[in-house]
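Trainee: I'll drop the sequence and a predicted model, then ask my questions.
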Amino acid sequence: MRQRAAVLCGAAVIAAGTVTAVPADASTPWPARPAPPAAPAADLHWKTCATEDYPTLQCASLEVPLDHARPRGRQITLALSRVPHTAGTYQGPLLVNPGGPGGSGLTLAGFVASSLPAEVAAQYDVVGFDPRGVGRSTPALDCLPGHFDPVRPDSLPDTPDVEQANLTRAKSFADACGDKYADVLPYIDTVSAARDVDAIRAALGSEKVNYFGYSYGTYLGAVYAKLYPGRVRRLVLDSVVGPDDVWYDANLNQDLAFNDRHRAFLAWIAEHDAAYGLGTDPERVEAAWYAMRAALAKRPAAGKVGASELEDTYMPGGYYNGYWPYLAEAFAAYVNDEDTGPLVEAYENFGALDASGDNGYSVYTAVECRDASWPRDWDEWRDDSWDLYEKAPFMVWNNAWYNAPCAFWPTASRQPVDVANGELPPVLLFQATGDAATPYEGGVTAHRLLRGSGLVVEEGGGNHGITLSGNDCLDEHLAAYLADGTVPHGDGGAADAVCPALPDPKPLESKAASTSSRGSTLHGLLGFRG
């Protein structure tokens, strides 16, 4: 569950061969029922923050307790946005979340309002928000600015020195986060964010909330529904986090799925050999990609794109195939013409992080390391990663280092929330069969745990975040549900409705060519690793 920009802190002893962290405090259980009391209402002062794309967008801020168990204690601020309803029929607020954890939802409100059928969007206040720690909310976390600046050590720890260099980076990030935010980190977690959602609901003056989440946003929505089932009106979960895998196992499962998706990309290049000249045999194309990786590990392109940065650049292709033509052109230019320019450009577009990325990574790790227990003995990480690497080499080690700060996290972990729920109105789930970031099985599990839910499957699809991205069949189910609560119900199989996937993209005809604007816009808002 990574976003384009992850975190850690804690005391540990590091040696070249073995790493053992100082034991964490006992896991803190998530709050038991009955549900927490409703958040008090608050006055929101909306001001225009219109953009060219979203001319009716408004913004406001809301103070919430840092610790919801101490409502009169220290307050933090959440940044909110909305597109107000315009129809006479009003169905209440529709809160939207892009995932991450660490993703900003402010612009997503404008995107969702403009992408839904106008007659449906007009019945809702579509409300976006930056979760605690994110973006324009305060405080906004930035544990170690520039942590991902190039060139990083090779992610593949094939020598003790390379492994040690990566461990040192992970622990340094953890230490910086602990030093900077020791008083905040215990409250950057999904349960606290779910209570923030209820504070937003109350501030909007609504007895119930409608919620639409992508990726990690599906877990946030499911946790909110567990804590406040009577306050949920409609719930849409797109690209569903496996509720049983929070979070260490989820990342291991991603490794296998991303490797399959990367191979699908390489096979697509082989199908379009006339455009790329890398061969018609997918195995030959794959060998060329790993040869490029080995060469960049020795000599980074423009002093910027080494092996780790190459993985960062190509990982977004596992989220969205609209990026494939650009990634393929960069690959072909490097291999066929020894031209590094397109590769550097692709890195800057898809792999490099700016300040918002640093913020997103900080919140990502703060949430994931706090939400659940992670192994504190590096030997377990090492053994699991090498075992997986034999089957799925593409992103195993890159993903391991991305999450490695959790091995040393200074804040005690919670226990994951059991999101099983039989007290909700019908819930609508969307899942692609080839989704790499949140593999298909997670959607099936959530469907089973959320009694009465309907699961719409994109058969043969491999993108992550599939509604409002150009597939009319999926969007019709979404619009029907938001219009009147219609949920498909099948014959008892895993899926209640099946939509065919959109075709894969074609190679670019010119430098000015582009992929589906709506799909590209959505995936830019969802970010990567989220």
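Mentor: Happy to help now that I have it. Numbering: from 1, shown residues only.

Trainee: can you pull the buried residues of stretch 473-488?
Mentor: For stretch 473-488, burial by neighbour count (16 or more other CB atoms under 10 Å) applies to 474, 475, 477, 478, 479, 480, 481, 482, 487, 488. For the C-beta atoms, the positions are set from N, CA and C on the backbone; glycine is no exception.

Trainee: what's the following helix or strand after whichever strand or helix holds residue 174?
Mentor: Assigned by DSSP states H and E, residue 174 belongs to helix 160-181. Once helix 160-181 ends, the next helix or strand along the chain (criterion: DSSP H and E) is helix 190-203.

Trainee: How about residues contacting the next helix or strand after that following helix?
Mentor: For helix 190-203, the following helix or strand on the C-terminal side (DSSP H and E) is strand 209-214. The contact list for strand 209-214, computed with CB atoms under 8 Å, 6 or more residues apart in numbering, reads 91-99, 112, 124, 197-198, 200-201, 219-221, 224-225, 231-239, 465, 482, 526.

Trainee: rewinding a little: now the helix holding residue 174, how far from the chain's geometric center?
Mentor: 23 Å (CA atoms, centre = their mean, to the nearest Å).

Trainee: I'd like to know which elements it is packed against.
Mentor: Applying 3 or more CB pairs under 8 Å, 6 or more residues apart in numbering; DSSP states H and E, we find helix 160-181 packed against strand 12-14, helix 355-371, helix 396-403.

Trainee: Poorly predicted segments of the stretch 51-200 of the chain, please.
Mentor: Nowhere does the stretch 51-200 of the chain drop to pLDDT under 70.

Trainee: That one: strands as residue ranges?
Mentor: Using DSSP state E, counting those that start in this stretch, the strands of the stretch 51-200 of the chain run over 58-65, 75-83, 93-97, 125-130.

Trainee: Any chance of a markdown table for those strands, columns distance to residue 389?
Mentor: Output for these, formatted as a markdown table (distance: least, CB to CB, whole Å):
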| stretch | distance to residue 389 |
| --- | --- |
| strand 58-65 | 42 |
| strand 75-83 | 40 |
| strand 93-97 | 33 |
| strand 125-130 | 36 |
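
Trainee: got CSV for those, with mean neighbour count and distance to residue 332 too?
Mentor: Formatted as CSV, the strands of the stretch 51-200 of the chain follow (neighbours: other CB atoms under 10 Å; distance: least, CB to CB, whole Å):
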stretch, mean neighbour count, distance to residue 332
strand 58-65, 19, 43
strand 75-83, 22, 40
strand 93-97, 27, 37
strand 125-130, 27, 38
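
Trainee: right, so the helices and strands packed on helix 160-181: which one is the most enclosed?
Mentor: Compared across the helices and strands packed on helix 160-181, helix 355-371 shows the largest average neighbour count, a mean of 27 (mean count of other CB atoms under 10 Å).

Trainee: got the contact list for residue 329?
Mentor: 276, 342, 507, 508.

Trainee: Who are the packing partners of the biggest helix by length in the chain?
Mentor: If you go by DSSP state H, the chain has its longest helix at helix 248-271. Contacts defined by 3+ CB pairs under 8 Å, 6+ apart place helix 248-271 against helix 282-298, helix 316-319, helix 324-337, helix 378-389, helix 396-403.

Trainee: sorry, back to before: quick one: closest of the strands of the stretch 51-200 of the chain to residue 367.
Mentor: Distance to residue 367, taken as CB to CB, is lowest for strand 93-97 among these, at 12.5 Å.

Trainee: re earlier: can you flag which of the contacts of residue 329 belong to strands?
Mentor: Judged by DSSP state E, strands contain none of the contacts of residue 329.

Trainee: Just the pLDDT at residue 492, thanks.
Mentor: With respect to pLDDT, residue 492 has a value of 77.

Trainee: repeat for residue 39
Mentor: Note on residue 39: pLDDT of 55.

Trainee: winner for burial among the helices and strands packed on helix 248-271?
Mentor: helix 316-319 (a mean of 26).

Trainee: who does it touch, helix- and strand-wise?
Mentor: Contacts defined by 3+ CB pairs under 8 Å, 6+ apart place helix 316-319 against helix 248-271, helix 324-337, helix 517-526.

Trainee: can those helices go into TSV with extra columns for mean pLDDT?
Mentor: Converted to TSV, the helices and strands packed on helix 316-319 look like this (pLDDT from 0 to 100):
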stretch	mean pLDDT
helix 248-271	97
helix 324-337	98
helix 517-526	90
